[in-house]
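*Asks:* Starting from these lines, generate the structure:
(chains A and B)
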Amino acid sequence: MAIPAVFSRNPDEWRALHDKHFMVVGNGSIGGALALMAARSGVGQISLFDNSAVKEENLGRTFYSLATVGKLKVHALKDLILEVNPQAVVSTYSGDFRKLIHEGFVVNRTTSLLIGATDSFACQSLINVLSLETNSPALFVSCWGAATVGEILYVKPGQTPCYNCYADFRHTAEETVDDSQKYFDPDVDSTRTASQPGLWSNVLIICGFAFQVALALVGNGATAFMDDTHNLFIVNAGDFNSNLPFWAVSKGLVRRGCAVCEEAKSTE
Amino acid sequence: MTAARWAAEIRKMNDAFPWFRPFELENRIGFTGELPAPAGKVYSVKVVAWKRAYPAMPPTIFIEPKVGANWCADGSLCIERNWEAKCSFAQQVLFAIAYLDEQL
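*Replies:* As a prediction, this is how the structure comes out:
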């Protein structure tokens, strides 16, 4: 098959990725950047999930522009992907991801990688469930502390700890969005973290590392850094005051086996 | 929710609150039963979880008739509860008992 001109500078990646399908849940600064990195690398099929619209406050750290304010992020991102690769197959889902999953959404067998880039613990946990149900690899990416620290967790069902093995503590540890909403809105997601400031450049540093992990998970990248026990990577993209090495990635050990991925640990 | 987990939940509920009955809807699962209170009053308690989200996400607790002011917009009990994936439905009944005890 002839290499499209768009991918003439990354032909090997295009060959390996044009038949791959990425499912990107959360199309904000992280999910949007990863989806566009995937599109520019040659991933042929991308499914986008997000129920929010582009706001002016998003423009400082996403690829979205003023012209897209008010538009659903899934549609704005689809347009950006197709501007790069008109041949890409892009599907969009703009409903509440939790409802979609509860109502029986199943991951397409062609899906190569699930990417969780949401600010909701409930949604990230449901992506983990989809990953475990279908034995599909998953990548969870988030940033903290004004986007100075990135958190990248990859999951290979049956081989690595799952998202809940690591993140179960988040049930109580997060500062959530306006908590009083739960008294007025029956559909409020009280597991969402509050928005934080942070620079676009830092987000891109974190996403750059995360995308290397994505490539490795779909078999198109160096895998030497993946030992499947240290499946957590902490990226210091700008925290000068921490003990983390500056502008470096540290590996984290996660203990495998929680009540979500191991039936033997059903209930105490 | 796997079949093994559901079986473990039923066993645990039978041990702790044997009069609570399991129920299964299209995409939700849970237990329902009654809790007696002083002065002969009886409160109906329902502990419900989304099948696919459990045990990653906690079940919600519904009590009828409602007492106190701690209610979310969906009608569920709105109190701080520690939750880990290894927790159980039966523990949620304990939260309901503690809440009623505090309010009555």
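*Asks:* what comes up buried for the helix ranked longest in chain A?
*Replies:* Criterion DSSP state H: the longest helix present in chain A is helix A:200-217. Residues of helix A:200-217 classed as buried by neighbour count (16 or more other C-beta atoms under 10 Å in any protein chain shown): A:202-207, A:209-217. C-beta here means a position set from N, CA and C on the backbone, and glycine is covered the same way.
*Asks:* need the contact list for the closest residue in space to residue B:71 that isn't next to it in sequence.
*Replies:* Nearest residue to residue B:71, sequence neighbours excluded (C-beta to C-beta, 6 or more residues apart in numbering or on different chains): residue B:78, at 5.7 Å. Counting by C-beta atoms under 8 Å, 6 or more residues apart in numbering or on different chains, residue B:78 touches A:182-183, B:70-72.
*Asks:* cool, residue A:189 as well?
*Replies:* Taking C-beta under 8 Å, 6+ apart as the contact definition, residue A:189 lies against A:98, A:120, A:122-123, A:177.
*Asks:* sec struct for it, please.
*Replies:* Secondary structure assignment for residue A:189 (DSSP: H, G, I helix; E, B strand; the rest coil): coil.
*Asks:* returning to that earlier point: which member of the contacts of residue A:189 is positioned nearest chain B?
*Replies:* Taking C-beta to the nearest C-beta as the measure, chain B lies nearest residue A:122 of those, at 5.7 Å.
*Asks:* per-residue pLDDT, that closest one?
*Replies:* What the model reports as pLDDT for residue A:122 is 92.
*Asks:* In space, what's closest to it - neighbours in sequence excluded?
*Replies:* residue A:191 is the one closest to residue A:122 (C-beta to C-beta, 6+ apart), at 4.4 Å.
*Asks:* Could you check how far that neighbour is from residue A:121?
*Replies:* The gap separating residue A:191 from residue A:121 is 4 Å, by C-beta to C-beta, to the nearest Å.
*Asks:* Of these two, give the one with the bigger neighbour count.
*Replies:* Shown here are residue A:191 and residue A:121; by other C-beta atoms under 10 Å in any protein chain shown, residue A:121 has more neighbours (24 against 20).
*Asks:* Test my guess that the more buried one contacts residue A:171.
*Replies:* Yes: contact criterion C-beta atoms under 8 Å: residue A:121 and residue A:171 qualify, at 7.2 Å.
*Asks:* what touches both of those two?
*Replies:* In contact with both residue A:121 and residue A:171: residue A:191, using C-beta under 8 Å, 6+ apart.
*Asks:* how near is the most far-flung residue of chain B relative to its centre to residue B:104?
*Replies:* Computed with C-alpha atoms, centre = their mean, the residue of chain B farthest from its C-alpha average is residue B:39, at 22.9 Å. Distance, residue B:39 to residue B:104, by C-beta to C-beta: 8 Å.
*Asks:* and residue A:229, backbone torsions?
*Replies:* phi -110, psi -40 (degrees, to the nearest 10).
*Asks:* Residue A:159: neighbouring residues, count only.
*Replies:* Residues within reach of residue A:159, counting by other C-beta under 10 Å, total 12.
*Asks:* Residue A:25: what's it in contact with?
*Replies:* By C-beta under 8 Å, 6+ apart, the neighbours of residue A:25 are A:31, A:49-50, A:97, A:114-118, A:123, A:127.
*Asks:* Run through the bridge partners of residue A:140.
*Replies:* Beta-bridge pairing for residue A:140 (DSSP bridges): residue A:116, residue A:153.
*Asks:* what about the strands in the chain?
*Replies:* With no chain named, the answer covers chain A. Secondary structure of chain A (DSSP state E): strands at A:21-25, A:45-49, A:89-93, A:113-116, A:138-144, A:149-155, A:232-236, A:249-252.
*Asks:* oops, I was thinking of chain B
*Replies:* Using DSSP E, the strands of chain B run over B:21-24, B:28-36, B:42-50, B:60-64.
*Asks:* So which of the ones you listed is nearest chain A?
*Replies:* Using C-beta to the nearest C-beta, the strands of chain B put strand B:42-50 closest to chain A, at 4.8 Å.
*Asks:* on that earlier part again, reformat the strands of chain A as JSON lines; add mean pLDDT.
*Replies:* What follows is the strands of chain A, written out as JSON lines (pLDDT from 0 to 100):
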{"stretch": "strand A:21-25", "mean pLDDT": "98"}
{"stretch": "strand A:45-49", "mean pLDDT": "97"}
{"stretch": "strand A:89-93", "mean pLDDT": "97"}
{"stretch": "strand A:113-116", "mean pLDDT": "98"}
{"stretch": "strand A:138-144", "mean pLDDT": "95"}
{"stretch": "strand A:149-155", "mean pLDDT": "96"}
{"stretch": "strand A:232-236", "mean pLDDT": "94"}
{"stretch": "strand A:249-252", "mean pLDDT": "90"}
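*Asks:* Quick check: pLDDT value at the closest residue to residue A:40 other than its chain neighbours.
*Replies:* Distance criterion C-beta to C-beta, 6+ apart; nearest residue to residue A:40, sequence neighbours excluded, is residue A:84 at 5.7 Å. You'll see residue A:84 listed with a pLDDT of 95.
*Asks:* contacting residues around residue A:84?
*Replies:* So residue A:84 contacts A:6, A:36, A:39-40 (C-beta under 8 Å, 6+ apart).
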